[in-house]
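# A structural model of the following input is requested.
(chains A and B)
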Amino acid sequence: MNLSYTILVYIVWFLSTYFIVVFLLTLIKNKSKLYNSPDLDKNNRLPKVSIVISAYNEQGKISDTIESLKSIDYPKELYEMIIVNDGSKDKTRDIIARYEDKKNIIFIDNKKNKGKAACLNQGIAIAKGAYVACMDADSVVPKNILKKTVPYFDDKDIGAVTVSVEVKHVNNFLQKIIQLEYILGLSLFLKVFSYLNCIHVTPGPFSIYRKDLVDKIGGFDVNNITEDLEIAYRIHKSGYRIANCMDTSVKTITPDNFKSLYRQRRRWYTGALKTLWQHKDILLRKKTGFFGYFIPFNYSLIIFGLGLFLLSLYLSFSNIIKNLSLYSLTNYNFFSNLSWDFDVLRISIFAIFGIFGIVGTIILVTFGLDITKNHSKKRVSIYFGYFLLFFLYQFFWLSSFFLVLFKRKVRW
Amino acid sequence: MVKNKGIFIAAAIITVMLFISIYSFNLFLNTQRERVVIERMEEVLDEYQELQALSLMSDVFGKEMTCLSLKSRLAHMDKTLWDTGIKIDKYREVTEKFITDPFYLNQKRKFNRNEIVYFLMLQNMKQWCQFNQTTILYFYQKKEDCPDCDAQSFVLTDLNKEIDPEIAIFSFDSNLELPSIQTLELFYDVASYPCIVVENSTYCGLHNKNDLISILCDHNKNISIC
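Take a look at the predicted model:
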């Protein structure tokens, strides 16, 4: 067997198994308190909260977002909505203007498109709340969103709180597998990461921040296309922790076709790589706690995994070519070399590693779905979808590495 | 981080234990592979002894008496030998570079010696009992020394499956450097690899299925594919 392949298999196996085991052990240890969230102040003293939304061409969704915010279970005088129109070319501006009341709903109308981060900063600059929630204009929140998240800030070390992210509309197979990805990746994984103090992103659909911290670190980075990821690095750098609340959630719109999924992920992953480069000073530094170790571990797994994937692809492809050239010698008599007698002794150690990886992933997904109370009857299609997603990830990462290495510009 | 130190250490221990379990399981599979190869080699040896007994019986009871039994045993032996050879190669592929490699080399040597004995016996039987089986000697080397040898093995396997009882293929690994194989190579003038010898005529270089069929038919027109 190819030496580089052997080395890659061992490295990827060790990294991924260690990751899965740490994840499962943390999950088991905290299983009973996953859905627990801190209680409100005993005297029911609620702080003022500002919710900032940046909207660009969201005419079909912005009403739902505002309506969901209007019905939040929180005293009206204690929360404000700051909606920034980012130079929309559709009717978004007119729709927001209808809701504006100058007190509870504040409207900032930018004639030119400035970008999401700049708009959020604009809103944060005039926010009066002690905490500021940033939200996407295509997302909706449940009534309890503030009462569940605000109490986390009683812990002075908490700089931001994230919530479970759910898919708003599930209309096709792609959205079903994205739903699974969100259930695990943007809900359960973030919860488990919060116990290890290594949440690496404050998801754009809804995250709430300590206002003075956001002011101190200078708001969102306007030059970063994944501002919600970048700010998480600076929160860790400032010595604050990021918490996750699974007891509430935000529902958001997801891509409904492969092309838009590719465009979304290309932005996420190139942004992630640029952010990693931007904050390379945190890597393997004790001052950011486990986060400083988790990030290089995570990216090592991604890079080695991608290397193994590409090498496997190359070996499989060259094997197909080799077999075709062999069959050309026997007049393409494909049936002559087919053998139906399965011999377990012909399974190599690499195949055992592969089988182990598949079983490990199935355990992780099953355990994750059970814990998050997603008792779907279509488990087989879910597992199939998850493995399909795994292959898609490789292509997204590959494309993102290419774009970053060749300094290609990626837009929203 | 200190709070979760226990988890990180426990996870490291579990990961190493899982690796040891997989590695041990693979070692167990290796022993099972060795066991199967030894069993197969014993089968070959039993067959060979049976052939020897029949051969000796023919001296006492006459050749007609034993030719019929010999013919069926030889056909069986041919298949056993070919399957065993393939099994050894396949098992070597999955255990390649691992600790049991010397075992497979050893078995391969034994196997090749048995093949030579069987080949010689078959030559005698062909004279005594007028067997019409065509013999093919196939000389090969490892992939690094002979890039076409894998392809030649592939073609021979295909052909053997198609006309198994009508031909007997003996494959010899030249890298084993057995004096008996070297003598055969010298005798048949094997100058390069892969090389096949059909009924005392030597054909070196890669031959596809059509070439081989035409070579076989030149030597024996009674083969079903001619």
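# and chain B, which residues reach chain A?
B:1, B:4, B:7-8, B:10-12, B:14-15, B:18-19, B:22-23, B:25-26, B:29, B:32-33, B:36, B:90-91, B:93-97, B:150-151, B:154-155, B:157-159, B:161-162, B:206, B:208-210 (Cβ under 8 Å from any Cβ of the partner chain). Placement of C-beta: from N, CA and C, glycine included.
# Mind giving me the PyMOL select for the residues you listed, buried ones only?
Buried residues within these, by 16 or more other Cβ atoms under 10 Å in any protein chain shown, are selected in PyMOL with:
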select buried, chain B and resi 1+4+7+8+11+14+15+18+19+22+26+29+33+36+91+94+95+151+154+155+157+158+159+162+206+209
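# Helices along the stretch 1-150 of chain A, start to end?
A:3-29, A:62-70, A:92-99, A:116-126, A:145-149 (DSSP state H, counting those that start in this stretch).
# Can you check which of those helices gets nearest to chain B?
Among the helices of the stretch 1-150 of chain A, the nearest to chain B by Cβ to the nearest Cβ is helix A:3-29 (4.1 Å).
# how does chain B divide into domains?
For chain B, automatic domain parsing gives the domain ranges B:1-125, B:132-226.
# Can you give me the buried ones in stretch A:38-51?
For stretch A:38-51, by 16+ other Cβ under 10 Å, it's A:38, A:46, A:48, A:49, A:50, A:51.
# quick one on the thing from earlier: of all the helices of the stretch 1-150 of chain A, which gets the most neighbours per residue?
helix A:145-149 (a mean of 23; mean count of other Cβ atoms under 10 Å in any protein chain shown).
# Now do it: distance to the chain's middle.
Put simply, helix A:145-149 sits 20 Å off its chain's centre (Cα atoms, centre = their mean, to the nearest Å).
# With stretch B:121-130 instead?
Its chain's C-alpha centre and that of stretch B:121-130 lie 21 Å apart, by Cα atoms, centre = their mean.
# Contacts for that stretch next, please.
B:51-52, B:55, B:58, B:63, B:67, B:70-71, B:74, B:131, B:133, B:135, B:168 (Cβ atoms under 8 Å, 6 or more residues apart in numbering or on different chains).
# Quickly name whichever of these is closest to residue A:287.
Of all the contacts of stretch B:121-130, the one with the least separation from residue A:287 (Cβ to Cβ) is residue B:168, at 75.3 Å.
# Low-confidence stretches in the chain?
Here I'm looking at chain A. Applying pLDDT under 70 to chain A flags the ranges A:1, A:42, A:44, A:336-340, A:375-378, A:411-412.
# That was the other one, I meant chain B.
B:1-2, B:96-101.
# relative to helix A:3-29, how tilted is the top helix by length along it?
Ranked by number of residues, the top helix in chain B under DSSP state H is helix B:5-61. If you take axes from the mean of the first three to the mean of the last three Cα atoms, to 10 degrees, helix B:5-61 sits at 130 degrees to helix A:3-29.
# tell me which strands and helices the host helix or strand of residue A:180 is in contact with?
Element membership of residue A:180, judged by DSSP states H and E, is helix A:173-183. Under the contact definition 3 or more Cβ pairs under 8 Å, 6 or more residues apart in numbering or on different chains; DSSP states H and E, helix A:173-183 sits against strand A:158-167, helix A:258-278, helix A:349-371, helix A:379-405.
# Other residues contacting that helix?
A:165-167, A:169-170, A:254-258, A:261, A:365, A:368-369, A:372, A:374, A:381-382, A:385-386, A:388-389.
# State the distance spanning the first to the last residue of stretch A:126-137.
19 Å (Cα to Cα, to the nearest Å).
# tell me which residues of that stretch are tucked away?
For stretch A:126-137, by 16+ other Cβ under 10 Å, it's A:127, A:129, A:131, A:132, A:133, A:134, A:135, A:136, A:137.
# now, which of these sits nearest residue A:107?
residue A:137 (12.7 Å).
# want to try a markdown table for the helices of the stretch 1-150 of chain A, with distance to residue B:41 as columns?
Shown next, in a markdown table, are the helices of the stretch 1-150 of chain A (distance: least, Cβ to Cβ, whole Å):
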| stretch | distance to residue B:41 |
| --- | --- |
| helix A:3-29 | 29 |
| helix A:62-70 | 75 |
| helix A:92-99 | 80 |
| helix A:116-126 | 72 |
| helix A:145-149 | 71 |
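# where's residue A:185 relative to residue A:22, distance?
16 Å (Cβ to Cβ, to the nearest Å).
# And residue A:113, by the same measure?
In terms of Cβ to Cβ, residue A:113 sits 42 Å off from residue A:22.
# Wait, residue B:203 touches residue B:193, no?
No: the criterion here is Cβ atoms under 8 Å, and residue B:203 misses it with residue B:193 at 12.0 Å.
# Those two: who's more crowded?
More crowded of residue B:203 and residue B:193, by other Cβ atoms under 10 Å in any protein chain shown: residue B:193, with 22 against 14.
# check contacts around the more buried one.
B:139, B:140, B:141, B:145, B:146, B:148, B:149, B:174, B:204.
# closest to chain A among those?
Closest to chain A out of the contacts of residue B:193 is residue B:148 (9.9 Å), distances taken as Cβ to the nearest Cβ.
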